[in-house]
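Student: below are the sequence and a predicted model; questions follow.
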Amino acid sequence: MLKSLQATDSPLSDTQRQLDILSNGMFQDGSLPTFAEQIKKTNQFPLRSKKIEILQINVGYMCNQVCAHCHVDAGPDRKEIMTVETMQQILDVLKTTQVNTLDLTGGAPEMNPNFRWFVEEASKIGVKDFIVRSNLTIIRANKKYYDLPEFFKKHNIHVVSSMPHWTKGKTDIQRGDGVFDKSIKALQELNAVGYGMPASGLKLDLVYNPSGAFLPGDQLSLEKDFKKALKEDFDIQFHNLFAITNLPISRFLDYLIASDNYEDYMYSLVESYNPAAVENVMCTNTVSVSWDGYLFDCDFNQMLGLPVASKSKHISSFNEAELSDRNIIISQHCYGCTAGAGSSCQGVVA
């Protein structure tokens with residue numbers, strides 16, 4: 001049975017409480033193994049880093065939306081914003097390391113007042129894949145963002161956008177009233193400048209997160225359904241769809257507890273555990289950088305306040321060799337990245 005858990009009136013922001021629930025407050029009878037116990041069975045403990053290929057940068061928690069599944073607990077009232085000084089430290093790292101992918105996220109990364117400066121300066125350095133994770137509606141939020149499709153095109157930005165469903169009802173339930181219509185308009189504008197078109201090098205990918213306490217379906221099947229529906233209904237095209245499992249942290253953890261789905265969801269994650277997915281989880285080749293420059297194994301560990309196990313804990317002291325030779329910090333939420341075909345910010349991993 002679960003230990004006594006009570007949902008709060010606001011999203012879970014107390015990281016220690018979340019960790020207590022995940023690490024110590026699951027099942028008193030020991031019916032579910034810890035993630036560490038699970039990967040020990042297949043000689044994959046400790047989970048180790050590999051060559052660092054991706055810097056995922058959270059440039060701030062401010063967002064024009066308040067999504068029900070958001071693990072960042074982002075919203076219009078969040079004031080955490082990355083400074084130019086921290087951005088410059090990241091640029092310095094890019095100039096001196098073998099990192100080949102820069103992945104900007106938030107919140108809505110475009111709301112950082114220094115976002116465009118950072119993109120322009122990073123573009124000069126050149127990386128193999130320059131990703132911006134856009135919520136789409138930001139493009140229609142205010143006239144100062146209307147030119148974002150052209151700005152993205154100018155810098156050959158790989159746009160990755162969240163799209164819960166191809167229908168209005170399911171999308172607005174998860175992300176708020178009016179989000180679907182604005183998202184459709186934004187996708188059409190991205191298509192108009194060349195994004196997502198079959199022969200275009202302007203990459204446009206969509207991200208699907210389930211709207212409830214269940215795991216995503218087959219990624220390839222979902223992609224086919226999304227492409228068919230969006231093309232037929234709105235003449236919209238995109239390249240790939242990434243199916244991502246919702247991890248039991250922050251707002252989604254709060255939802256699971258409030259809806260009495262936490263126990264069932266954790267059982268689903270554990271029962272779907274796939275040891276083959278462990279080999280390619282994103283934390284093995286990624287370092288996550290918080291808005292204030294601290295380093296984490298992934299964006300989820302960042303939200304739980306679990307820093308990297310390395311002397312190099314801040315972007316100002318970034319040491320590629322040390323960070324490439326570290327143990328990954330794990331907890332029960334890691335089941336979310338290893339369930340079924342596995343899940344990462346680039347979709348399935350196995």
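Tutor: Yep, that arrived. Residues are numbered from 1 along each chain as shown.
Student: from D14, how far out is F318?
Tutor: For F318, the distance to D14 equals 29 Å [C-beta to C-beta, to the nearest Å]. Backbone N, C-alpha and C define where each C-beta goes, glycine included.
Student: who has more neighbours, those two?
Tutor: F318 (25 against 10; other C-beta atoms under 10 Å).
Student: now do the same contact list for the closest residue to that one other than its chain neighbours.
Tutor: Spatial nearest neighbour of F318, chain neighbours left out: V93 (4.7 Å); criterion: C-beta to C-beta, 6 or more residues apart in numbering. When contacts are counted by C-beta atoms under 8 Å, 6 or more residues apart in numbering, V93 touches L55, V99, I315, F318.
Student: quick one: which two of the residues you listed are the most distant?
Tutor: Across these, the longest distance by C-beta to C-beta is 11.7 Å; it joins V99 and I315.
Student: any idea how far the helix ranked longest in the chain is from the middle of the chain?
Tutor: Identified as the longest helix of the chain according to DSSP state H is helix 219-234. When C-alpha coordinates are averaged (C-alpha atoms, centre = their mean, to the nearest Å), helix 219-234 and its chain have centres 22 Å apart.
Student: related to what we said a few turns ago, out of the contacts of V93, which comes closest to L19?
Tutor: L19 lies nearest to I315 out of the contacts of V93, by C-beta to C-beta, at 23.9 Å.
Student: how many neighbours does the closest one have?
Tutor: Neighbour count of I315, defined by other C-beta under 10 Å: 22.
Student: so which residues of the stretch 251-350 of the chain form strands?
Tutor: Along the stretch 251-350 of the chain, counting by DSSP state E, counting those that start in this stretch, strands occupy 286-289, 295-296.
Student: can you put these in JSON lines and add mean pLDDT, distance to Y265 and mean neighbour count?
Tutor: Listed next are the strands of the stretch 251-350 of the chain as JSON lines, based on pLDDT from 0 to 100; distance: least, C-beta to C-beta, whole Å; neighbours: other C-beta atoms under 10 Å:
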{"stretch": "strand 286-289", "mean pLDDT": "98", "distance to Y265": "24", "mean neighbour count": "26"}
{"stretch": "strand 295-296", "mean pLDDT": "98", "distance to Y265": "23", "mean neighbour count": "22"}
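Student: now render those as a markdown table, adding distance to K124.
Tutor: A markdown table is the format used below for those (distance: least, C-beta to C-beta, whole Å):
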| stretch | distance to K124 |
| --- | --- |
| strand 286-289 | 19 |
| strand 295-296 | 24 |
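Student: go through those strands and name the closest to L206.
Tutor: Of the strands of the stretch 251-350 of the chain, nearest to L206 by C-beta to C-beta is strand 286-289, at 20.5 Å.
Student: so how far is the closest one off the chain centroid?
Tutor: For strand 286-289, the distance to the chain centre is 11 Å (C-alpha atoms, centre = their mean).
Student: and that strand, what does it pack against?
Tutor: strand 54-58, strand 295-296, helix 299-303 (3 or more C-beta pairs under 8 Å, 6 or more residues apart in numbering; DSSP states H and E).
Student: worst average pLDDT in those?
Tutor: For those, the weakest mean pLDDT is recorded on helix 299-303, namely a mean of 94.
Student: got the contact list for it?
Tutor: Counting by C-beta under 8 Å, 6+ apart, 15, 56, 58, 71-73, 105, 247, 249-250, 283, 288, 290, 294, 296, 307, 329, 333, 336-337, 345 sit against helix 299-303.
Student: what about those residues, which are in helices?
Tutor: Those of the contacts of helix 299-303 mapping onto helices are T15, S250, per DSSP H.
Student: from the contacts of helix 299-303, list the buried ones, please.
Tutor: Using 16 or more other C-beta atoms under 10 Å as the burial test, these include 56, 58, 71-73, 105, 247, 249-250, 283, 288, 290, 294, 296, 307, 329, 333, 336-337, 345 as buried.
Student: buried set for whichever strand or helix holds L206?
Tutor: Secondary structure from DSSP states H and E places L206 in strand 204-208. Residues of strand 204-208 classed as buried: L204, D205, L206, V207, Y208 (neighbour count, 16+ other C-beta under 10 Å).
Student: so the helix or strand that contains K182 versus strand 204-208, what angle?
Tutor: In this assignment (DSSP H and E), K182 forms part of helix 179-192. Interaxial angle of helix 179-192 relative to strand 204-208 (axes from the mean of the first three to the mean of the last three C-alpha atoms, to 10 degrees): 160 degrees.
Student: ok, residues contacting helix 179-192?
Tutor: With C-beta under 8 Å, 6+ apart as the criterion, helix 179-192 contacts 65, 134, 136-137, 139-141, 149, 152, 159, 161, 163, 167-168, 171-172, 196-197, 204, 230, 234-238.
Student: where do the strands of the stretch 51-200 of the chain begin and end?
Tutor: So, for the stretch 51-200 of the chain - with DSSP E, counting those that start in this stretch - the strands run 54-58, 101-105, 129-134, 158-162.
Student: in the third one, what's buried?
Tutor: By that I understand strand 129-134. Neighbour counts over strand 129-134 (16+ other C-beta under 10 Å) mark F130, I131, V132, R133, S134 as buried.
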